[in-house]
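K.L.:
just to be clear, the model below is a prediction. Sequence and coordinates:
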Amino acid sequence: MPQIPLHYVDLRTFCYATEDEKRVEEALRTFLPDRDDEPFEIERVESEGHYGDRILVLSARVENADDVRHVLSRLADLESFDDLIDELDERVTENTELFLRLDKQAAFEGDVRLGDGITFRGKVEAYPAKKAKAVENAQEVLERLRDEH
């Protein structure tokens, strides 16, 4: 895949008081590239729920082209990959952002499925910065990814 028309990918999930932080982090790492020297950095921000319960927000921004390729290659494992391509007009915003929700439990088990728990936001390159151009670029990269996978 020569060019990746994504400026960056943000991945984010919540770790609720009833969840094991290490397991939630492992689910998020399903999409992050492995590094031999050190693990990919995950930012942690502590927040509070409506009833005062602790919520930990885990997030990572992937900006390096090779790392973005890795994240996208994980998406190619989706069973519903063709449906994802068909839904791009609904998944790309006017701000040229591609949004997906991924299943956190499946990710913990090493699987990739659409669902709840992990938010994927990719900033799609588009010149001019219009939704139609962003949808076209996202479709091109995902179709190329599907064909290579």
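P.N.:
Okay, I see it.

K.L.:
how far away is the spatially most central residue of the chain from V68?
P.N.:
The centroid of the chain falls nearest to F120 when counting by CA atoms, centre = their mean (3.0 Å). Distance, F120 to V68, by CB to CB, to the nearest Å: 11 Å. Quick note: C-beta positions are derived from backbone N, CA and C, even for glycine.

K.L.:
can you check R121 too?
P.N.:
Using CB to CB, R121 is found at 12 Å from V68.

K.L.:
of these two, who's got more company?
P.N.:
V68 (21 against 16; other CB atoms under 10 Å).

K.L.:
other residues contacting the helix or strand hosting that one?
P.N.:
Counting by DSSP states H and E, the secondary-structure element that holds V68 is helix 65-75. Judged by CB atoms under 8 Å, 6 or more residues apart in numbering, the contacts made with helix 65-75 from elsewhere in the structure are 1, 4, 6, 8-9, 11, 30-33, 40, 62, 81, 84, 100, 112, 120, 122, 141-142, 145, 149.

K.L.:
next step: those residues restricted to helices.
P.N.:
Judged by DSSP state H, the contacts of helix 65-75 include 81, 84, 141-142, 145 as members of helices.

K.L.:
of these, which is the nearest to L58?
P.N.:
When these are ranked by distance to L58 (CB to CB), L84 comes first, at 23.4 Å.

K.L.:
spatially nearest residue to the closest one, not counting backbone neighbours?
P.N.:
Distances taken as CB to CB, 6 or more residues apart in numbering put L78 closest to L84, at 6.1 Å, once the chain neighbours are dropped.

K.L.:
report pLDDT for that neighbour.
P.N.:
As summarised for this prediction, L78 has a pLDDT of 87.

K.L.:
just the one 5 residues further on next, same as before
P.N.:
The per-residue pLDDT reported for D83 equals 90.

K.L.:
and G115, by the same measure?
P.N.:
In this model, G115 carries a pLDDT of 94.

K.L.:
which of the contacts of helix 65-75 are buried, as a PyMOL select command?
P.N.:
When burial is assessed using 16 or more other CB atoms under 10 Å, the buried subset of the contacts of helix 65-75 is captured in PyMOL by this command:
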select buried, resi 4+6+9+11+30+31+32+33+40+62+81+84+100+112+120+122+141+142+145
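
K.L.:
so which bits of stretch 55-63 are buried?
P.N.:
56, 58-62.
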